[in-house]
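# structure here, sequence nowhere to be found:
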């Protein structure tokens, strides 16, 4: 698992006034119910923020639509409550979208924007 490209992407948007949800140790924070209490607390906080930012209807759609996927969730949720902008970001670094990721991103993208971010190594 790469974490630097995701963190780099989050910081890129943070400089522009956005916040981001990213926790590499709480992978699939919506798709998998976490057992460890410290990670469960993070997952609950993520869900609370998502509900607030995207609204209850979109949150319900997101959780209902993704319940059959164990992997493939976008890497980041990026949002700016001040301007009402939000989206998921799937970050790619030396790899490409897998078929299950394409399918899940397509489903999520029907209601919530998803951006593909390519982080290229320095040439």
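Good, I have the coordinates. Computed from a predicted structure; not experimentally measured.

# from now on I want contacts and neighbour counts done on CA atoms only, so please keep to that.
Fine.

# paired strands for the helix or strand residue 77 falls within, with orientation please.
Using DSSP states H and E, residue 77 sits in strand 76-80. In the sheet, strand 76-80 lines up against strand 19-21 (antiparallel), strand 85-92 (antiparallel) (DSSP bridges).

# center of this protein - which residue?
By CA atoms, centre = their mean, the chain has its centre lying nearest to residue 76, at 3.2 Å.

# tell me what that residue is bridged to.
Beta-bridge partners recorded for residue 76 (DSSP bridges): residue 89.

# to residue 65, which of the strands paired with strand 76-80 lies closest?
When those are compared by CA to CA, strand 85-92 sits nearest residue 65, at 14.9 Å.

# give the burial count for residue 66, as a bare number.
Neighbours of residue 66 under the rule other CA atoms under 10 Å: 18.

# surely it is in contact with residue 104?
Yes: Residue 66 is within contact range of residue 104, at 7.0 Å (criterion: CA atoms under 8 Å).

# which residues in the protein form helices?
All helices of the chain, identified by DSSP state H, fall at 4-15, 37-54, 56-66, 99-108.
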